[in-house]
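# Kindly return the folded structure for what I paste below:
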Amino acid sequence: MTSPSNNLHAMFFLLIVFISIPNLGLAARNIERTRLEFIKTSCGSTSYPQLCFSSLSAHASAIQNSPKLLANTALSVTLNNAKTTSASMETLLHGHGPTPREIGAMKDCVEEMHDSIDQLRNSLQEMNQFKGSDFGLMISDVQTWVSAALTDEDTCTDGFAGNAMNGNLKNEVRVRIVNIAHLTSNALALINSYAALHG
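Here you go, the predicted model:
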């Protein structure tokens, strides 16, 4: 038979747990709100802040309040979107009945996207290997690669410029590539902000 003092201790413990549970939920919500606010504020330095926030807010728990993790996540999200876009461009190239000029522009664009993906992948790998004494050189490499990826994406859209190509294919390619270019631009801005903290 349990003693009254053991029952009292058990009841007291349960009371503490029941009081703590809502406070834990409130604390978790406050942490999440703080993390989202950090992302929103950081995205304010980018050229496309709404896209920046919408593409990164789902990763708030991984980003926490870290400028490095924010830049890293922005690169990762951009790389994943670039891979998806590149795959869809390959599909468009082999379907849709494109004209010879469209086929040429699509092939060039797919090649530029592959280059862009390589540059983004290199950047992400370098970001994951940052060391204190090599920071300046490594961040410079990352900035160069991400800038090159942005140039590749811009070159891709140039192939569809002018009135010689109109229609659904041109619009579909443009929408996809512009989205990737905007994500890349945002990632570069966040990388630059991170680099400025160490400058």
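# what's the average pLDDT for the strand or helix carrying Asp141?
Here Asp141, judged by DSSP states H and E, is contained in helix 135-158. For helix 135-158, the mean pLDDT works out to 89.
# ok, and what's touching it?
By CB atoms under 8 Å, 6 or more residues apart in numbering, the residues outside helix 135-158 that reach it are 75, 82, 108-109, 112-113, 115-117, 119-120, 122-123, 126-127, 129-131, 173-174, 177-178, 180-181, 184-185, 187-188, 191-192, 194-195, 198. Where C-beta positions appear, they are placed from N, C-alpha and C, glycine not excepted.
# quick one: which of the residues you listed sit in helices?
Taking DSSP state H, the ones among those that sit in helices are 75, 82, 108-109, 112-113, 115-117, 119-120, 122-123, 126-127, 173-174, 177-178, 180-181, 184-185, 187-188, 191-192, 194-195.
# Pro67 and Asn192 touch, don't they?
No - at 10.6 Å, Pro67 does not count as touching Asn192 under the criterion of CB atoms under 8 Å.
# which of the contacts of helix 135-158 are buried?
Neighbour-count burial (16 or more other CB atoms under 10 Å) applied to the contacts of helix 135-158 gives 75, 82, 109, 112-113, 115-117, 119-120, 122-123, 126-127, 173, 177, 180-181, 184-185, 187-188, 191-192, 194-195.
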